[in-house]
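> Show me how the following folds:
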Amino acid sequence: MDTRVMLEQDPARDDALILVDGLDRVVGSATKWEAHAEGLLHRAFSVVLVRAGGEGPELLLAQRAEGKYHSGGLWANSCCSHPRAGEEVLDAARRRVREELRCEACDLRELDSFVYYEAFENGLAEHEYDHVLLGRPAGEVTPDPSEVMAVRWVGVDELAAELADHPERFCAWAPMVLSIALREVTR
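Below is the predicted model:
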């Protein structure tokens, strides 16, 4: 299926996203479709859920569903999305974790933020001021298959090695997001 058709069929395509400047100051709004078709800088978030594992912290990775309008089949952090116009980042993150992973995100806190731009072969682009959030899951993780095709818990050393040895397995923003999370959980 054509990726433009995929985005056109996305139920959130008309969500009003928050356009920002390079300092994350609100400068307007645009639909999800407009923001990605025109490569407009917009506010986003990337959630990393972590749990205690037998050999130390484990981070939850999510493999994007094949039907996503970009980066289908690639691995990413636990959940990523956009706050809607008028919605706070933490509230939006909790909402999207519930929608995508069907669990609750507890103790969410912001670790850092960064701006990135990635153009895709289909003419769409991600240009995001991305807030990186860390939390822990409450309840069973049961992903929505239209959003996530698989999840897996990965230990710190295994994840660091995979990011270094196989970056092609990850979507554009994942190495930065996961590096920020790894730095925090190994303190």
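> Nearest spatial neighbour of residue 41, chain-adjacent residues omitted?
Closest residue to residue 41 apart from its sequence neighbours, by C-beta to C-beta, 6 or more residues apart in numbering: residue 127 at 4.8 Å. C-beta coordinates here come from the backbone N, C-alpha and C atoms, glycine included.
> strands paired with the helix or strand containing the one you found, and their directions?
Remark: residue 127 resides in strand 125-138, with elements defined by DSSP states H and E. Here strand 125-138 has these sheet partners by DSSP bridges: strand 42-53 (parallel), strand 104-119 (antiparallel).
> buried residues in the shortest one?
So that's strand 42-53. In terms of neighbour count (16 or more other C-beta atoms under 10 Å), strand 42-53 has its buried residues at 42, 43, 44, 45, 46, 47, 48, 49, 50.
> quick revisit: quick check: the residue nearest to residue 41 vs residue 59, distance?
Per C-beta to C-beta, to the nearest Å, residue 127 is found 26 Å from residue 59.
> Looking at those two, which one has more neighbours?
Between residue 127 and residue 59, counted using other C-beta atoms under 10 Å, the more crowded position is residue 59 (23 against 18).
> May I see the buried residues of the host helix or strand of that one?
Using DSSP H and E, residue 59 sits within strand 56-64. Neighbour counts over strand 56-64 (16+ other C-beta under 10 Å) mark 57, 58, 59, 60, 61, 62, 63, 64 as buried.
> Could I get those residues in CSV, plus columns for distance to residue 165 and pLDDT?
Listed next are the buried residues of strand 56-64 as CSV, based on distance: C-beta to C-beta, whole Å; pLDDT from 0 to 100:
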residue, distance to residue 165, pLDDT
57, 20, 97
58, 19, 97
59, 17, 98
60, 20, 98
61, 15, 98
62, 20, 98
63, 18, 97
64, 20, 96
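> could I get those residues as a markdown table with distance to residue 113?
Formatted as a markdown table, the buried residues of strand 56-64 follow (distance: C-beta to C-beta, whole Å):
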| residue | distance to residue 113 |
| --- | --- |
| 57 | 22 |
| 58 | 24 |
| 59 | 19 |
| 60 | 20 |
| 61 | 20 |
| 62 | 20 |
| 63 | 24 |
| 64 | 21 |
